[in-house]
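Colleague: return a 3D structure for these sequence lines:
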Amino acid sequence: MTPDLSKLKRYQSVFVSTHEGDAVLSCAARLIAAGARGGKTLIVTLFRVGDEQPFSEPGSLSIGLPAASLRDPASYDSFRSLVFGPAGRDEASLEQAARVIDEVFRRTQARDLYLPLGVGGHVDRQLAHEAGLRAVPPKPGRNVFFYEERPEALVPGAVRLRLAELGARLPPVAVDVAREGSLPRFLYRFNTVPQRRVAPRGLAERLACSRLAARAWLEARAWQPQRAFGPRLQPVLQRVEGDSLAAIREMAHAEGERRRAPAASAHRLLRLASRYADGLGGSEHLERYWLLLPTREDEGRSELPATLSA
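Modeller: Modelled structure (predicted):
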């Protein structure tokens, strides 16, 4: 039973979190910055992974839709099936998630909507991404952002792979993303990134998933971001403001504890985040979002602005 959405009030920003904690771990700097500016933000968690009950409280809303491993245990019983399995059988879940996002957005009248980009390939994240697109296409007065899910986005080349899968069209300032990460670095971090919600079990599955990941990485080399015909995306960088870094570190540790990850994993995650930020322009912590631009009939002749910084 989903919570009653009719009592939702207005919010400036809505963050759609696939599972509990995803948006907090991925969008910590943007959430803190929005709060510091006095904007009201709402985190909407779509899928439950256990027996937790849906809830609604100020700033947080849990819908309680069953995650893949709950709605179809036979099909989604491993990391390989969750990340590399087909998603076509989940049309009903997709429609339900789209209806929820549509109603939340209409009732909150939010100006900014943040959706999962789908980095890492998890079927629930791809559903959340597609559901958001179905519910709220871009239009004047509305900003639709895709956020890069962490920790998967900290794998060198993982964002590139997802953008290639979407056939995203990027402005000239962002085309370097097509060269992010070599195959060896990608595969090493793919198998070692900390605080991943699910991971391969055993050497056999790890090797099988590594082969599938390598194949996807190689296929993505054909992507040409300035000639693609998919969604037009504009990179937006969120830098750390003031004393926010300490709060971000606390959030990473708290999320690690909630996921029952080893204590050292949060420190590793923060180190990887620092390296990632350095690669994007030099900062202790930096988050990259992708603003969805309206389609244009003459997009071959259109000029996009330089990278935005919020």
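Colleague: averaged pLDDT, stretch 72-81. What do you get?
Modeller: What stretch 72-81 shows for mean pLDDT is 91.
Colleague: any residues touching that stretch, and which ones?
Modeller: Outside of stretch 72-81, the residues that reach it under the criterion Cβ atoms under 8 Å, 6 or more residues apart in numbering are 68-69, 82, 85, 89-90, 123, 198-201, 205, 208-209, 212. C-beta coordinates here come from the backbone N, C-alpha and C atoms, glycine included.
Colleague: list the buried residues for that stretch?
Modeller: By neighbour count on 16 or more other Cβ atoms under 10 Å, the buried set for stretch 72-81 is 72, 75-76, 78-81.
Colleague: dump these into JSON lines; add distance to Phe105 as well.
Modeller: Output for these, formatted as JSON lines (distance: Cβ to Cβ, whole Å):
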{"residue": "Asp72", "distance to Phe105": "27"}
{"residue": "Ser75", "distance to Phe105": "30"}
{"residue": "Tyr76", "distance to Phe105": "28"}
{"residue": "Ser78", "distance to Phe105": "34"}
{"residue": "Phe79", "distance to Phe105": "32"}
{"residue": "Arg80", "distance to Phe105": "34"}
{"residue": "Ser81", "distance to Phe105": "31"}
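Colleague: can you tell me which of the residues you listed is closest to Leu154?
Modeller: Minimum separation from Leu154 among the buried residues of stretch 72-81 (Cβ to Cβ) is found for Phe79, which lies at 17.6 Å.
Colleague: for the closest residue to Leu183 other than its chain neighbours, what is the enclosing helix or strand?
Modeller: Taking Cβ to Cβ, 6 or more residues apart in numbering, and ignoring the residues beside it in sequence, Leu183 has Trp217 as its nearest neighbour in space, at 5.6 Å. When secondary structure is defined by DSSP states H and E, Trp217 falls within helix 202-219.
Colleague: just Leu291 next, same as before
Modeller: Applying DSSP H and E as the criterion places Leu291 in strand 286-293.
Colleague: how far off centre is that strand?
Modeller: For strand 286-293, the distance between its averaged C-alpha position and the chain's averaged C-alpha position is 10 Å (Cα atoms, centre = their mean, to the nearest Å).
Colleague: name every strand pairing with it and say which way it goes.
Modeller: Here the strand partners of strand 286-293, with direction, are listed using DSSP bridges: strand 143-147 (antiparallel), strand 232-239 (antiparallel).
Colleague: between those, which gets nearest to Tyr11?
Modeller: When those are ranked by proximity to Tyr11, the top entry is strand 143-147, at 13.4 Å, counting by Cβ to Cβ.
Colleague: right, and the helix or strand after the closest one?
Modeller: Following strand 143-147 in sequence, per DSSP H and E, is helix 158-166.
Colleague: what mean pLDDT does that following helix get?
Modeller: Averaging pLDDT along helix 158-166 gives 95.
Colleague: same deal with stretch 220-240?
Modeller: Taken as a whole, stretch 220-240 has an average pLDDT of 91.
Colleague: would you mind writing the CA trace of it as PDB?
Modeller: The C-alpha coordinates for stretch 220-240 follow below in PDB (Å, rounded to 0.1, in the frame of the first residue of the first chain):
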ATOM      1  CA  ALA A 220      30.400   1.900 -26.000                       C
ATOM      2  CA  ARG A 221      33.500   3.000 -27.900                       C
ATOM      3  CA  ALA A 222      31.300   3.500 -31.000                       C
ATOM      4  CA  TRP A 223      29.400   6.300 -29.200                       C
ATOM      5  CA  GLN A 224      30.000   9.800 -30.700                       C
ATOM      6  CA  PRO A 225      28.500  12.300 -28.200                       C
ATOM      7  CA  GLN A 226      28.200  15.200 -30.700                       C
ATOM      8  CA  ARG A 227      26.500  13.100 -33.400                       C
ATOM      9  CA  ALA A 228      24.200  11.000 -31.300                       C
ATOM     10  CA  PHE A 229      20.400  11.100 -31.600                       C
ATOM     11  CA  GLY A 230      19.500  10.400 -28.000                       C
ATOM     12  CA  PRO A 231      18.600  12.900 -25.200                       C
ATOM     13  CA  ARG A 232      20.400  16.200 -25.200                       C
ATOM     14  CA  LEU A 233      22.200  16.600 -21.900                       C
ATOM     15  CA  GLN A 234      24.100  19.500 -20.400                       C
ATOM     16  CA  PRO A 235      26.600  18.900 -17.600                       C
ATOM     17  CA  VAL A 236      26.100  20.800 -14.300                       C
ATOM     18  CA  LEU A 237      28.800  20.800 -11.600                       C
ATOM     19  CA  GLN A 238      27.900  21.100  -7.900                       C
ATOM     20  CA  ARG A 239      30.900  22.100  -5.800                       C
ATOM     21  CA  VAL A 240      31.100  22.000  -2.000                       C
END
